[in-house]
Structure formats: structure tokens, C-alpha cells
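S.K.: Predicted coordinates and the sequence they were generated for:
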Amino acid sequence: MGRPLRVAIYGSAAGFPTEKRFTTAMALWRGEELYLVDCGEPIAAHLARRRVSPDALRAAFITHAHADHLAGLPMLLQWMQLNRRARPLTVCLPAEAVGSTHDFLNLLYLLPELLGFDLELRQLQRGRVYEADGLAVDAVPNRHLEAIVMRALAAGFPARGDSFSYRVAVDGKRIFFSGDLAEATEAQAAEGSDLAVVELAHFTPEELGRALAEVEVPRLVVNHLLHTLEPVEDEIPARIKGAGFGGEVHVARDGDEIEL
């Protein structure tokens, strides 16, 4: 019998925390093995309060270098360090974030010599980025940072604008995590997934419903919810389905778990 699979939402806000939601952090649990997609804060506190072992995490995958997706990583590493994690850890990051993250961790005294476990900051590229024990993760570039890169370059910062979604294949199931997108049509990369976790901050529920109208995805979780949608979040599933999406729709809240 296979290990049970479930997707957990530890942070479902977009951009900044609200009274109801923390910033973006998603997880795939495979039995007692944990894989994180994005590390918005306070991911370490979420895991600690659930009494998760510091050795449970096998790998983490960062979609892009905005603070609401990455800022919880240093505290997560310190939590694991002080709780005497032993096993190696792989963190997959956009290329432009690897060097700066390494330097920032050193500044925080999370040096390789002091960390207590081997940490690999793996540079992302299109396609297969991780494969172990029958679980495979592919990175899918998206255009989320395209507009802001031009402003960063104009200000003299050598931005690349690396931003990714992820496709995960494990135990006969396929899960899609969108990351942040430039437009709803980029969510069509979820085609063929058993479950798609898609952001809802950069387009309307109707735009997402139209984009996914012809896409074969039976279950949709909308995450990274724009704060102005919180007062009407109960209406979101009907709005998405009314625009053409034919599958099941769930609006993510912190602490939700979805079994596959």
C-alpha cells in the first residue's frame, strides 16, 4: 500500500499577511515525508506547532524571490539547526536568488560549518529539477516578474526575473503549483494534473475560470488570495465555475489539507 498523499496550505495570503491568512507556503506530504513549495513566513512556526520533526523535510522549492515566498526560509533553517536536524536538505531557487541567499544565510551565522547539516542551494532551470524515491519535480517558467524586471533594470539592479511554477509527479498522481503568474492563461500548464493549486491575486476569478475552461483538471485549489477577495471568498468557486471551469473548486485557508 502506498504512502498517503496530501497537500497542505500553511500560508494562503497574497503579498502580505492579513487577519485571516499568512504569506505563501504550501506543502506536499507523502506519508511522513514533507516537501515545501515556497517558504513565506512564518513557516517554521507552522511546522513547530504541528510538532513536525525537523528531519521530515526532504526538499523545498521556491517559485520566485519575492519576500512573501522566500522570507521564511532563514528562520526555517535556524529552527532545523537548533533542533539538530541531521539529514541533508535541498532547496531549489531561481538562479538570481542563489548567491544572495547564500550570503544572507552567512550574515545570519547559518554558515555551512555551523548549520549542522548539509544544505544544497540548487539553481533552477526549465524541466526536471528534482528526482528522488519515485518523486519527480519539473519547473515551468512563467512571466510573473516580467514587468517589474524592467523597473529594476532601470534602477540599476541586474534583475533576471526568474519565476517558476512546478509540476510534481508521485505515486501515480500529478500536482501543479502555479507560483505567481502574469496572467490566468499561464495556469493552463496544469493540464493533466489531478490537483492544481493556482494563485488568485493577479487576475479575477472569472479570468481564471475562462482560462481553465478547456483544461483537464478535476480539482482546483485557489491560493495566494488577494486581500480584497477575502470579504467575498465564499462566492469565488461559483464565479470560477460560472466562467467555464468544470471541476471542483476550493478556496484555500491556512491549515487546509487536501487528500489525493
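M.R.: Received it, and whenever you're ready, just let me know what you need. Residues are numbered from 1 along each chain as shown.
S.K.: I'd like to know how far residue 211 sits from residue 217.
M.R.: Taking CB to CB, to the nearest Å as the measure, residue 211 falls 11 Å from residue 217. C-beta here means a position set from N, CA and C on the backbone, and glycine is covered the same way.
S.K.: try residue 208
M.R.: 11 Å.
S.K.: These two: which is more packed in?
M.R.: When neighbours are counted by other CB atoms under 10 Å, residue 208 and residue 217 differ, and residue 208 comes out ahead with 29 against 22.
S.K.: Ignoring the adjacent residues along the chain, who's closest to that one?
M.R.: residue 184 (4.7 Å; CB to CB, 6 or more residues apart in numbering).
S.K.: What's the local residue count around the one you found?
M.R.: For residue 184, using other CB under 10 Å, the count is 23.
S.K.: so what pLDDT did it get?
M.R.: For residue 184, the model assigns a pLDDT of 98.
S.K.: Now do the helices in the stretch 151-260 of the chain.
M.R.: Secondary structure of the stretch 151-260 of the chain, counting by DSSP state H, counting those that start in this stretch: helices at 205-211, 236-242.
S.K.: looking at this structure, which helix or strand is least sure?
M.R.: helix 146-154 (a mean of 90; mean pLDDT, DSSP states H and E).
S.K.: Off-centre distance for that one?
M.R.: 23 Å (CA atoms, centre = their mean, to the nearest Å).
S.K.: So what touches the helix or strand harbouring residue 139?
M.R.: Applying DSSP states H and E as the criterion places residue 139 in strand 135-141. With CB atoms under 8 Å, 6 or more residues apart in numbering as the test, strand 135-141 has contacts from 30, 35, 59, 61, 92, 124-131, 162-171, 189.
S.K.: now residue 195: how far from residue 153?
M.R.: Per CB to CB, residue 195 is found 37 Å from residue 153.
S.K.: hey, where'd the strands end up in this structure?
M.R.: 5-11, 25-30, 33-37, 57-61, 89-93, 119-123, 127-132, 135-141, 164-170, 173-177, 195-200, 219-225, 248-251, 257-259 (DSSP state E).
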